[in-house]
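Trainee: I'd like to go over a predicted model; first the sequence, then the structure.
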Amino acid sequence: MKLSVVIPLFNEEAVIGTTHATVMETLAGLLGKGLIDDYEIVFVDDGSHDRSLEILRKLAGESSKVKVISFSRNFGHQRALAAGILHSSGDAVVSLDADLQDPPELIGEMLEKLRQGNDIVYAVRRERKKDTVFKRLTARFFYRLMRSMGVDLIYDHADYRLISKKVVAAFRRIGETNIFLRGIFPYLGFNHEIVYYERQERFAGATKYPLRKMLAFAWEGITSFSNVPLRLASLAGLTIFVTSLCLVSWAFYEKFAGRTIPGWTSTVIPIFFIGGLNILFLGLIGEYIGKIYLEVKRRPLFLVKETHNLGEPPRG
Ligand code: UDP
Ligand code: MG
């Protein structure tokens, strides 16, 4: 049983050393208990411009079990995670943040759940005491919003999860450019289990998720998994169309009743209103067309958990 530990990082020179040491300690413990018999650590440098890569090179030089993937520029946390998972060779893959906010001590418990026959183990934050009030509120709003749009998410689960080789193979078939992992793993299915943990404080350095990235992330999640915004647009369009039909009949009625005076306001306001609305919705539709363009690789039709007496596994 080989465990791959995937750690994405962006400008984390202040934390890499400690993180590496802590993870190594945990792995040594797991080896000692016989829970694993081999491991690798896959660091994904997401285009850092501090000394991160330099430190990683050194770690890789010291041990062949440390693998490093370094991006040409900052592609974002989700893609860094995806790269690490896709390049891992373990029988199970665990992903965690570089700042030790996800305590590595939990890996043992997660492996236990995997052994009990689960293919995905999600680590969920029990409390967010250590997060800022702002982060807590925006996070809660985010999960609620996603839920209301019909996106299947594990509440308060970030990207700390353990997956089996089987799930990695399934993930490999998701050829999406707009990748939102928190939605993809529940989408993949398989037996899953949840373990709870206390979210730790980032022990050094500052967050690499400013508001701008958080908003981009939330938008990615919504537009990758939900067509509710698009449906809202068509709903609003329909409502306005029906209303305008009523207004047209009313205008005709008034005209034939001989009560109209030449009106400027009633002519100009609809032009602005409908024009503006048109552009807004065109933009929204354009957003999705952009996605369609990037998604031509298409998701698989189905994913198989296991087969019996079938020979060649079916491919959806
Ligand atoms: N990260 C990354 N690329 C980015 C932003 C963040 O690889 O563009 C990494 C970061 O180094 C860390 C993890 O993603 O290992 C989570 O980021 P951070 O801890 O800054 O987010 P927070 O915990 O504040 O939400
Ligand atoms: Mg963090």
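Mentor: Perfect, I can see it now. Numbering: from 1, shown residues only. Ligands and ions are numbered 1, 2, ... in the order given.
Trainee: make it CA atoms for all contacts and neighbour counts henceforth
Mentor: Will do.
Trainee: how far out from the middle of the chain is stretch 225-243?
Mentor: Taking C-alpha atoms, centre = their mean, to the nearest Å, the mean C-alpha location of stretch 225-243 is offset from the chain mean by 26 Å.
Trainee: That should have said stretch 90-103, apologies.
Mentor: For stretch 90-103, the distance to the chain centre is 15 Å (C-alpha atoms, centre = their mean).
Trainee: and the end-to-end length of it?
Mentor: End-to-end distance for stretch 90-103: 20 Å, by C-alpha to C-alpha, to the nearest Å.
Trainee: so who does the residue lying closest to residue 7 once chain neighbours are set aside touch?
Mentor: With sequence-adjacent residues excluded and distances taken as C-alpha to C-alpha, 6 or more residues apart in numbering, residue 7 is closest to residue 43, at 4.9 Å. Counting by C-alpha atoms under 8 Å, 6 or more residues apart in numbering, residue 43 makes contact with 6, 7, 8, 9, 56, 66, 67, 68, 69, 84.
Trainee: Point out the other helices and strands that the helix or strand of the chain with the lowest mean pLDDT packs with.
Mentor: Using mean pLDDT, DSSP states H and E, helix 265-294 stands out as the lowest-scoring helix or strand of the chain, at a mean of 74. Here helix 265-294 touches helix 211-225, helix 228-256, going by 3 or more C-alpha pairs under 8 Å, 6 or more residues apart in numbering; DSSP states H and E.
Trainee: make it 7 Å
Mentor: Judged by 3 or more C-alpha pairs under 7 Å, 6 or more residues apart in numbering; DSSP states H and E, helix 265-294 is in contact with helix 228-256.
Trainee: how far out from the middle of the chain is the helix it packs on?
Mentor: Centroid separation for helix 228-256 versus its chain: 38 Å, with C-alpha atoms, centre = their mean.
Trainee: Stretch 213-223 now?
Mentor: 8 Å.
Trainee: who in the stretch 1-150 of the chain is up against ligand 1?
Mentor: By C-alpha under 6 Å from any ligand atom, the residues of the stretch 1-150 of the chain that approach ligand 1 are 8, 9, 10, 12, 46, 74, 76, 77, 80, 97, 98, 99.
Trainee: My read is that residue 105 contacts residue 27, right?
Mentor: No - if you go by C-alpha atoms under 7 Å, residue 105 and residue 27 don't touch, sitting 9.2 Å apart.
Trainee: Strands of this protein, start to end?
Mentor: Counting by DSSP state E, the chain has strands at residues 2-9, 38-45, 66-70, 92-95, 120-127, 157-164, 192-198.
Trainee: Can you add mean pLDDT and give those strands back as TSV?
Mentor: Formatted as TSV, the strands of the chain follow (pLDDT from 0 to 100):
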stretch	mean pLDDT
strand 2-9	96
strand 38-45	95
strand 66-70	92
strand 92-95	97
strand 120-127	91
strand 157-164	94
strand 192-198	94
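Trainee: mind putting those strands in CSV, distance to residue 215 included?
Mentor: Compiled in CSV, the strands of the chain are given as follows (distance: least, C-alpha to C-alpha, whole Å):
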stretch, distance to residue 215
strand 2-9, 19
strand 38-45, 22
strand 66-70, 25
strand 92-95, 22
strand 120-127, 21
strand 157-164, 15
strand 192-198, 25
